[in-house]
Each structure stands twice: as structure tokens, then as C-alpha cells.
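Participant: Could you work out the structure for the sequence below:
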Amino acid sequence: MPTRTLLVILMTATLAAGCIRGNNKRPAPAPAPLPSAQAAPPARSGAESAAFEIVNREKVDPSCGAAPPNCTRIGVVYPRFTAAGSPAAVAALNGAVDSAIRTSMQRGDNVVGSIDQGMDLFISEYRKFGNEDPFSNMPWENQTTVKVERNSGGIVCLSFNYYEYSGGVHPNSRIVYMNFFLADGRQITLYDLLAGPDKMAAITAVGERKFRQMRGLAPAEDLAEAGYWFDNDRFHLSDSFAVRADSLLFVYNPYEVASYADGFIEIEMPYAEISGLLKKPAF
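Facilitator: Residues are numbered from 1 along each chain as shown. Purely as a prediction, here's the structure:
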């Protein structure tokens with residue numbers, strides 16, 4: 001299944017590039033995160049789970065003379081893993097978290113070498129924008145929250161919840177799920193879960209049936225004519241999925257296959273419904 005994460009990031013950054021002049025009111029909020037994105041409590045490391053601590057970092061524009069809520073700010077909350085199946089797994093998990101956060105902070109051609117550098121870049125870009133457009137007085141905001149959605153059964157599932165307002169009609173949000181084997185820290189692909197590569201067509205068909213049912217579409221109704229933006233007008237499962245204790249959850253972000261107004265679109269597949277397609281009925 002081809003990766004589209006970078007394309008989604010670039011689309012989101014482009015669509016957020018507009019500006020509002022002479023208006024200091026906050027825009028309408030972005031679509032609310034899915035209710036499934038709930039933080040899991042830390043657990044002790046063992047054969048089935050990892051140990052971690054939560055890191056909370058924030059930077060506020062130091063030149064802002066207003067109260068902090070009205071200042072440009074960037075915040076990051078993420079888990080720092082301290083124990084897992086092996087030292088290599090700990091390094092892989094922390095490396096994946098750090099890389100994903102830094103990638104989301106990249107602006108234009110700037111290479112972000114550290115989270116601190118990315119936070120400084122966001123503040124400096126805001127100042128540059130303000131110098132070029134002195135009539136714009138809206139503060140910017142960027143918040144990344146990484147949540148541990150699952151930490152059991154030898155699997156860690158992380159959700160990367162991104163929110164940014166940097167001018168424009170509305171802020172933008174997106175969610176990216178990543179799953180890892182605790183034994184070695186390797187990222188889980190959908191093929192890792194399927195009973196064989198020939199099962200990809202079958203699980204995609206399950207996803208399309210659920211998608212059409214949720215969106216009120218007939219089995220043969222044209223997706224493009226119905227307002228959905230799948231490549232070549234063919235349904236595909238999202239690259240972003242969560243390996244939960246009882247189901248797989250796929251999520252499409254705003255602008256990925258539908259309009260901003262459609263918000264987050266999720267497809268849940270309980271293991272009981274797709275057990276014949278998987279290596280084992282539950283994970």
C-alpha cells in the first residue's frame with residue numbers, strides 16, 4: 001500500500017498558507033480529534049509492554065507583550081520510552097517519535113535537526129511573516145501530542161495528533177498512527193498482520209464496503225462523483241491505522257480523501273469480522 005503521509009503534510013501546509021488581515025479573533029476550530037485518540041496510562045516494562053515517561057515542552061514568542069494565550073506558541077507532548085523488549089527496541093521507538101515530530105516541524109526547505117530547532121523555526125517564521133505583513137496580528141499556534149494508544153500484547157500503538165494555525169480561514173489538524181513490535185521496535189505494516197499478501201484485496205474490499213455504508217453510497221456509486229478524492233477513483237485503505245486490542249482502526253485526515261468539512265473519517269474493523277484475513281484473530 002503506497003505511502004501518502006508526505007503528500008498529506010504538504011497539502012495541509014499549502015492550504016494553511018493564507019492570512020487574515022486586521023482580525024484578532026481566533027478562527028473556527030479544526031475538526032475535533034477522533035474519540036479513539038485517548039492517552040493510555042504508562043505501564044511497567046515487561047515481555048508484553050513498554051515503560052515510558054511523558055515529556056511536555058513549550059516555547060512562546062518572547063517578543064509577545066500580551067498574555068500567553070494570545071501569544072504565538074508551539075508545544076510538544078510525547079512519550080520517552082525507557083524500557084521495552086530490548087535496548088534496540090527502546091532506541092527504535094524513541095527514534096521514530098523524534099523523527100516524526102521533527103518531520104512535522106519542517107517548513108519549506110528548512111531541515112529540522114532537533115525538536116528545539118523546530119520550535120525555534122516556528123517562532124522565527126511567525127516573526128518573519130509579521131514583518132512582511134504588519135497588518136496581520138493573529139498569533140500562530142502549533143501543538144503536537146503523541147499518545148500511547150496501546151501498550152500490551154507485545155505491541156505499542158502511537159497516535160501523532162497535529163494541530164496548527166499559521167494564518168488562514170481555519171486551523172488544520174491531522175492524526176497519524178504508527179504501530180511497533182516491542183521485541184525489536186520494528187514498525188508494523190498491514191502486510192505484517194495479514195495471513196498472506198493475497199489478503200490485501202479482501203481487506204480492502206471490507207474497508208470499501210464499510211466506507212460506502214457509513215457515507216451512504218451505493219455499492220457501485222462513483223466515488224469521484226460523490227465528492228471523494230481517491231487516486232484513479234479507486235478506494236484504498238489509509239496508510240494510517242491503529243492496531244488496537246480488539247480491532248484495526250483506519251483514519252483519513254481532512255483533505256486526504258474528502259473536504260475539510262467532512263472532518264476525520266474512520267473505518268473500524270473488529271478482529272472478529274476479519275479473523276480469516278489475519279495471521280491470528282487478535283493482537
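Participant: How far does stretch 130-146 stretch from one end to the other?
Facilitator: 30 Å (CA to CA, to the nearest Å).
Participant: Next: stretch 80-93.
Facilitator: Counting by CA to CA, you get 8 Å between the two ends of stretch 80-93.
Participant: Let me know the helix or strand that the closest residue to residue 253 other than its chain neighbours is in.
Facilitator: Nearest non-adjacent residue to residue 253, counting by CB to CB, 6 or more residues apart in numbering: residue 174, 4.1 Å away. Bear in mind the C-beta positions are built from the backbone N, C-alpha and C, glycine included. Following DSSP states H and E, the helix or strand that holds residue 174 is strand 172-181.
Participant: quick revisit: bridged to the residue nearest to residue 253, which residues?
Facilitator: Assessed by DSSP bridges, residue 174 has beta-bridge partners residue 162.
Participant: Remind me what the strand holding residue 174 packs against, helices and strands.
Facilitator: Packing partners of strand 172-181 (3 or more CB pairs under 8 Å, 6 or more residues apart in numbering; DSSP states H and E): helix 5-15, helix 87-105, strand 155-165, strand 241-243, strand 247-252.
Participant: And the helices in this structure, which stretches?
Facilitator: Ranges of helices in the chain, per DSSP state H, are 5-15, 87-105, 115-132, 190-193, 200-215, 271-274.
Participant: Quickly, which of these bottoms out on average pLDDT?
Facilitator: Of all the helices of the chain, mean pLDDT reaches its minimum on helix 5-15 (a mean of 39).
Participant: Would you mind listing the buried residues in stretch 122-134?
Facilitator: Judged by neighbour count (16 or more other CB atoms under 10 Å), stretch 122-134 contains these buried residues: 122, 123, 125, 126, 129, 130.
Participant: now, which of those residues sits nearest residue 109?
Facilitator: Set against residue 109, the nearest of those by CB to CB is residue 125 (12.4 Å).
Participant: ok, and the closest non-adjacent residue to the closest one?
Facilitator: Excluding the flanking residues, the one nearest residue 125 by CB to CB, 6+ apart is residue 107, at 5.7 Å.
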